[in-house]
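K.L.:
3D, please:
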Amino acid sequence: MDRVLIIGNAGAGKSTFAKALAHNTGLPLVHLDKLYWCGNWEHISREEFDKLLQAELCKPRWIIDGNFNRTIPLRLQHCDTVFFFDLPTSVCLWGITKRVLTNRGRTREDMGGNCPEHFDAQKKSLYRNVLRFNREHRKDYYELLSKAKKANIIVFRSRRQARKYLKEILL
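P.N.:
This is a model prediction of the structure:
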């Protein structure tokens, strides 16, 4: 396991898992949100993002945390392991609510620039996306994963499964 993707619905626990996996394996961690957001909830251009992502993909070892659906096929070509968080919508809704409440007014370490957490129109949009993810995107993710022939695919259907996996790799 040298090149790892972590994908799934917002609020599923991807970043938390990514940090723990990086700690346990020593693999360098790349948060796509950190590449994308440059400050005050402004993002870089698509071209800049693609250039930064490509630079990461060329490296021999990494964990890349985040969806950015448009780039998943490219990332799947470079990875050897994928962790897909296929969790219930209710768990993900609670995850983003807890994240905003816990970090309210502060920028998370996995977020780029000065992007403090707060409830606003952007969060309402995030909630809508979480509500639609399993219904509108889940099938597409499984289809993409079925084409990733050289990658080991690990699907978590609960946070408990993810925690158990992390404990097992420490043994």
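
K.L.:
pLDDT at Asp50, what is it?
P.N.:
On the pLDDT scale, Asp50 is placed at 97.

K.L.:
Could I get the buried residue list for the one helix or strand it maps to?
P.N.:
For Asp50, the host element (DSSP states H and E) is helix 46-57. Neighbour-count burial for helix 46-57 flags Phe49, Leu52, Leu53, Glu56, Leu57 (criterion: 16 or more other C-beta atoms under 10 Å). The C-beta positions use only the backbone N, C-alpha and C, and glycine is treated the same way.

K.L.:
Pick out the residue nearest the middle of the protein.
P.N.:
Centroid-nearest residue in the chain: Gly66, 2.4 Å away (criterion: C-alpha atoms, centre = their mean).

K.L.:
how near is that residue to Trp94?
P.N.:
Going from Gly66 to Trp94 by C-beta to C-beta, to the nearest Å gives 20 Å.

K.L.:
and if you look at Leu101?
P.N.:
Applying C-beta to C-beta to Leu101 and Trp94 gives a distance of 10 Å.

K.L.:
For this structure, give me the ranges with low pLDDT.
P.N.:
120-123, 171 (pLDDT under 70).

K.L.:
if you set the cut-off to 80 instead, what comes out?
P.N.:
Across the chain, the ranges flagged by pLDDT under 80 are 41, 105-107, 112, 115-124, 170-171.

K.L.:
contact partners of stretch 53-67?
P.N.:
2-8, 10, 14-15, 18, 21-22, 25, 27-33, 35, 71, 74-75, 78-79, 110 (C-beta atoms under 8 Å, 6 or more residues apart in numbering).

K.L.:
quick revisit: now do the phi/psi pair for the residue nearest to the centre of the chain.
P.N.:
Phi and psi for Gly66, reported as degrees, to the nearest 10, are phi 140, psi 160.

K.L.:
What of Pro88?
P.N.:
According to degrees, to the nearest 10, Pro88 has phi -60, psi 150.

K.L.:
Next one: it from Gly112, what distance?
P.N.:
Applying C-beta to C-beta to Pro88 and Gly112 gives a distance of 29 Å.

K.L.:
more crowded one of these two?
P.N.:
Shown here are Pro88 and Gly112; by other C-beta atoms under 10 Å, Gly112 has more neighbours (19 against 13).

K.L.:
What residues does that one make contact with?
P.N.:
Taking C-beta under 8 Å, 6+ apart as the test, what Gly112 contacts is His31, Asp33, Lys34, Leu35, Tyr36, Trp37, Cys38, Gly39.
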